[in-house]
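**Student:** pasting a predicted model and its sequence here:
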Amino acid sequence: MLASHWCTPQVWSQEEASSDQTASSSQTRRPSIGEVVRLDDRINQLIPQDAAIELLAEGFEWAEGPVWDRKSKAILFSDIPNNVVNKWNESEGLSVFLKPSGYTGKNPRLGEMGSNGLTFDSSGKLVLAMHGDRQIGRLNSKGQIDTVVQFYKYRRFNSPNDLVYDSKGNLYFTDPPYGLEKNMDDPAKELLFQGVYLLRRNGDLVLLTDKMTRPNGIDLSPDGKTLYVANSDPEQAHWLAFDVLDDGTVANERGFFDATSMVGAAYPGLPDGLKVDVHGAVWATGPGGVLVFTPKGEHIGTIRPGPATANCGFGNDGSTLYLTSDMYLCRIQTSTSGQGF
């Protein structure tokens, strides 16, 4: 199925095309920014020729972690320095969904203290990577945050950054130092490494790798057999791929794409959040915007809003890609779908 998708143009039946147009017509067209750079004809299978990057809201300090909330039919996203999760939908616009979202302490502090990556568990509860509290948290029915996991071998995490569940309910997440006020030099840092972890459904915590310098965005292939992890180090700006074994651990670490040569003022941003669509294409924020890769790591196009783009996530019927780009919340229509829709 993947092979045919990547070798031949995508064709819909009349019924499918009608359904797609109905879903798109329910959205009001907004002002557009930026551009789509098409490096290979295969990008046209994923992004329509007339697709525009629509600006939905602005004025944030550093927007991150967009995730679609099925209950409210809205996109939720973090504004990390402001310690808040915002909500945006077509009918109501922008509102505050959760504050505080990442740091619940009483002592004032600076830095990236809010929530970062967001996802939902199998029961529909919001799960947050909480920079300031240095934990993974879950929002309960009373609007309070319960701790999911906070320690590795009795040492506090650095600042969990991004996360994804597999089909079995196991949680994969990354733990760079960005939420610490002094980053790598913070005296509160308890771990000597920046880890990628597996939290099994039964509560067992497994360190998958401690070799990455700045592990960040993370997602799984549609069949759950490949784990992708971004490394947001300007000197090692790349994405890695791992084979996922039957027990959830990983093997066969390999380079997926190296963007180190792209890092610079002309292409703002570093490898950060990413999503994998139902066909296995990887939509990865990095230098210049959202880089779109085939499952083999071929760079076929870039969505370029302008500012550095931190993360992306599919929403609505699955074909809308939302982008958190520095001070902006944006979206673009695609011809594919995110997983789980």
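**Tutor:** Now that the structure is in, tell me what you want to look at. Not measured: the values here are computed from a predicted model. Numbering: from 1, shown residues only.

**Student:** where does pLDDT dip in the stretch 1-150 of the chain?
**Tutor:** 1-26 (pLDDT under 70).

**Student:** ranges for the strands of it?
**Tutor:** For the stretch 1-150 of the chain, the strands defined by DSSP state E, counting those that start in this stretch cover 32-33, 35-38, 53-58, 63-69, 74-79, 84-89, 93-98, 115-120, 126-130, 135-139, 145-149.

**Student:** okay, the ones you listed in CSV with distance to residue 227 and mean neighbour count next?
**Tutor:** From N, CA and C alone the C-beta is placed, and that goes for glycine too. Converted to CSV, the strands of the stretch 1-150 of the chain look like this (distance: least, Cβ to Cβ, whole Å; neighbours: other Cβ atoms under 10 Å):
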stretch, distance to residue 227, mean neighbour count
strand 32-33, 32, 16
strand 35-38, 27, 16
strand 53-58, 28, 19
strand 63-69, 19, 25
strand 74-79, 22, 27
strand 84-89, 26, 20
strand 93-98, 28, 15
strand 115-120, 15, 26
strand 126-130, 16, 27
strand 135-139, 17, 21
strand 145-149, 18, 16
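
**Student:** any chance of these in a markdown table, plus distance to residue 172?
**Tutor:** A markdown table is the format used below for these (distance: least, Cβ to Cβ, whole Å):
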| stretch | distance to residue 172 |
| --- | --- |
| strand 32-33 | 32 |
| strand 35-38 | 30 |
| strand 53-58 | 29 |
| strand 63-69 | 15 |
| strand 74-79 | 19 |
| strand 84-89 | 21 |
| strand 93-98 | 23 |
| strand 115-120 | 10 |
| strand 126-130 | 11 |
| strand 135-139 | 11 |
| strand 145-149 | 12 |
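
**Student:** nearest to residue 265, out of those?
**Tutor:** strand 35-38 (17.0 Å; Cβ to Cβ).

**Student:** for the closest one, which helices and strands make contact with it?
**Tutor:** Applying 3 or more Cβ pairs under 8 Å, 6 or more residues apart in numbering; DSSP states H and E, one finds that strand 35-38 makes contact with strand 299-304.

**Student:** neighbouring strands for the strand it packs on, and are they parallel or not?
**Tutor:** Strand 299-304 pairs in its sheet with strand 35-38 (antiparallel), strand 289-293 (antiparallel), by DSSP bridges.
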